[in-house]
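# model this:
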Amino acid sequence: MTATVDLAAREAAPRAPSELELRLLATRAEMERRDLAALLLVSPENLYYLLGLDYQGYFAFSLLLLPREGQPVLVTRAMEAPTIRARVPGCRHLPFHDGQDPVTIVAEAIRSTALSGTAVGVEDTAMFFPPAIWARLRAELPGLEWVSAGDIPQRLREIKSAAELTHVRRAAALSTSAMNAGIATIAPGAPQPRVAAAVYHAMISQGSQQPGFAPLIRPTAILQQEHVTWDDEVVSAGDGLFLELSAAVRRYHAPLSRTLYVERAPAEATIAHDAALAGLRAITAALRPGVALSAVYAAWAEAVNQVHPQIGALPRHHCGYLVGIGFPPSWVGGGEVLGIRPDTDRVVRTGMTFHAMSWVQEPTGYVMSDTVAVTENGCELLTDVSREFTVVGDTQAKEATA
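Just a heads-up that it's a prediction; the model follows:
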């Protein structure tokens, strides 16, 4: 009899909200604080964060209408209906067909939703909100007050939960494995695509999703062409090579980068390495809860200048940035790069994850970076590839091509 009562009590106990439900609650609490009737979101990262929708259909216009109360409404291309039914069952799906203006669908959804609040928040600066669609929507609903509010989910995403940090740590382990595989493939005569193939094989065969950004693999001679990756050239003796990559686990990323040389390196490269390493150590030492990001940048700049004062004449625009959820075409979580900059008033908080990047330009270009997590006690390095000055030698080259 007692066991039956206990079982009934357990069955009657309220279910703990899921992580997605907690995110919606936190978003709606901020909407209420700002007196927003609804929120329009278009970035894949924000839709994934609130709905868990992980697919490649974001290339077409997609919009989440989140009222302060009631069922979320998702507007997508009509052919995505089976995916939406299966993966986002808690949403009301409003499809638009190819050739149909999605504005009419969005406007009708807003009109038919009971709105309690003075304004509608909108993610109006996102790259996934075409200006023509945004302009037509405002013209369609001239009586509404619009408020820029894409920062609501963006700010929430900055702090990772324990579950999110598990995904970031797994991504970091895969990034580490992929970087080591790429380095092991580098040898005189090796085509750059072979290095890229080794990176992808290690990353994906061990469980990574497609990353939001392709691995960057290029000679240090063109290091300043920052978002250029491999071509069909071969690696030659004396080359410096830059590799930057990230695996993705549940869309969470953990980038890292390394610079290495093939068979021989110029003397100034060791100075640049020492400066980059000193800078990376300074970043990780300074990233503590409550510290201003501008102070972290200052610590990085001071450390690299102590090794090579000339670097101060060529300051970088940042020495890292927040990282986490990412969809193509980036792993930074959207079009805005929330960086560790000299002119920001943002502060470090527990649960943030950063791509800590020490990039020096003098006496030669050299980059070293890792993904880190901010804990209550400081900073935890998540990626783990050797930070020693690396020259791939003859023996290593023969082993890589054997």
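# I'd assumed Leu66 was in contact with Leu41.
Yes. Judged on C-beta atoms under 8 Å, Leu41 makes contact with Leu66 at a distance of 6.8 Å. All C-beta atoms are positioned from the backbone trio N, CA, C, and that covers glycine.
# Mutual contacts of these two, please.
Leu50 (C-beta atoms under 8 Å, 6 or more residues apart in numbering).
# List the residues that contact His355.
255-256, 320-323, 332, 369-371.
# Residues in a beta bridge with it, which ones?
Tyr321, Thr371 (DSSP bridges).
# if I look at it, how far off is Leu36?
Here His355 is placed at a distance of 31 Å from Leu36 (C-beta to C-beta, to the nearest Å).
# residue boundaries of the helices in the stretch 301-402 of the chain?
With helices called from DSSP state H, counting those that start in this stretch, the stretch 301-402 of the chain shows them at 394-401.
# any low-confidence regions in it?
311-314, 335, 394-402 (pLDDT under 70).
# At which residues are the strands of it located?
320-322, 353-360, 366-375, 378-381, 391-392 (DSSP state E, counting those that start in this stretch).
# can you pull the buried residues of the third one?
With burial defined by 16 or more other C-beta atoms under 10 Å, the residues of strand 366-375 counted as buried are 366-374.
# Distance to Tyr58 added to those residues, as JSON lines?
What follows is the buried residues of strand 366-375, written out as JSON lines (distance: C-beta to C-beta, whole Å):
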{"residue": "Tyr366", "distance to Tyr58": "36"}
{"residue": "Val367", "distance to Tyr58": "30"}
{"residue": "Met368", "distance to Tyr58": "32"}
{"residue": "Ser369", "distance to Tyr58": "27"}
{"residue": "Asp370", "distance to Tyr58": "28"}
{"residue": "Thr371", "distance to Tyr58": "24"}
{"residue": "Val372", "distance to Tyr58": "28"}
{"residue": "Ala373", "distance to Tyr58": "27"}
{"residue": "Val374", "distance to Tyr58": "29"}
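# related to what we said a few turns ago, who wins for neighbours among the contacts of His355?
Pro255 (31 neighbours; other C-beta atoms under 10 Å).
# Count the neighbours of the closest residue to it other than its chain neighbours for me.
Spatial nearest neighbour of Pro255, excluding adjacent residues (C-beta to C-beta, 6 or more residues apart in numbering): Ser246 at 3.8 Å. Neighbourhood size, Ser246 [other C-beta under 10 Å]: 30.
# Then Ile159?
14.
# from memory it sits against Gly351, does it?
Yes. In this structure, Ile159 is within contact of Gly351 by C-beta under 8 Å, at 3.9 Å.
# Point out where this protein drops to low pLDDT.
Looking at the chain by pLDDT under 70, you get 1-13, 311-314, 335, 394-402.
# Mind doing that once more with 80?
1-15, 114-118, 310-315, 333-337, 393-402 (pLDDT under 80).
# Flag every buried residue along the helix ranked longest in the chain.
Taking DSSP state H as the criterion, the chain has its longest helix at helix 162-185. Under the neighbour-count criterion of 16+ other C-beta under 10 Å, helix 162-185 has 164-165, 167-183, 185 buried.
# Skip the chain neighbours and tell me the closest residue to Leu40.
Using C-beta to C-beta, 6+ apart, the nearest residue to Leu40 is Val122, at 4.4 Å.
# And Leu144, by the same measure?
Val120 (5.5 Å).
# doesn't Arg138 make contact with that neighbour?
No. Contact criterion C-beta under 8 Å: Val120 and Arg138 do not qualify, at 10.4 Å.
# more crowded one of those two?
Val120 (22 against 15).
# Can I take it that that one is in a helix?
No. In this structure, Val120 is strand, not part of a helix, as judged by DSSP: H, G, I helix; E, B strand; the rest coil.
# Look up the residues forming beta bridges with it.
Beta-bridge partners, per DSSP bridges, of Val120: Ala38, Trp146.
# could I get stretch 141-148 in CSV with only the CA atoms?
Extracted in CSV, the C-alpha atoms of stretch 141-148 (Å, rounded to 0.1, in the frame of the first residue of the first chain):
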residue,chain,number,x,y,z
LEU,A,141,2.2,46.7,-40.3
PRO,A,142,2.5,50.5,-40.0
GLY,A,143,0.7,50.7,-36.6
LEU,A,144,3.2,48.6,-34.7
GLU,A,145,6.1,49.9,-32.6
TRP,A,146,9.3,48.1,-33.4
VAL,A,147,12.2,47.8,-31.0
SER,A,148,15.6,46.3,-31.8
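# residues near the residue nearest to Leu40, how many?
24.
# so it touches Asp151, yeah?
No. Contact criterion C-beta under 8 Å: Val122 and Asp151 do not qualify, at 11.3 Å.
# Let me see the contact set for Val304.
Counting by C-beta under 8 Å, 6+ apart, Val304 has contacts 275-276, 278-279, 282, 311, 358, 360.
# Out of these, which comes closest to Glu108?
Ser358 (51.2 Å; C-beta to C-beta).
# need the contact list for the closest one.
Ser358 neighbours (C-beta under 8 Å, 6+ apart): 275-280, 283, 300, 304, 319, 367-369.
# Let me have these in TSV, adding distance to Gly90 as columns.
Converted to TSV, the contacts of Ser358 look like this (distance: C-beta to C-beta, whole Å):
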residue	distance to Gly90
Ala275	51
Ala276	47
Leu277	48
Ala278	50
Gly279	46
Leu280	43
Ile283	40
Trp300	44
Val304	49
Cys319	41
Val367	43
Met368	44
Ser369	38
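# Go through the residues you listed and say which is closest to Val75.
Out of the contacts of Ser358, the member with the shortest distance to Val75 (by C-beta to C-beta) is Ser369, at 37.7 Å.
# Quick check: chain neighbours aside, which residue is closest to that closest one?
Met357 (3.9 Å).
# count of neighbours near that neighbour?
26.
# Quick check: phi and psi on Tyr55?
phi -160, psi 180 (degrees, to the nearest 10).
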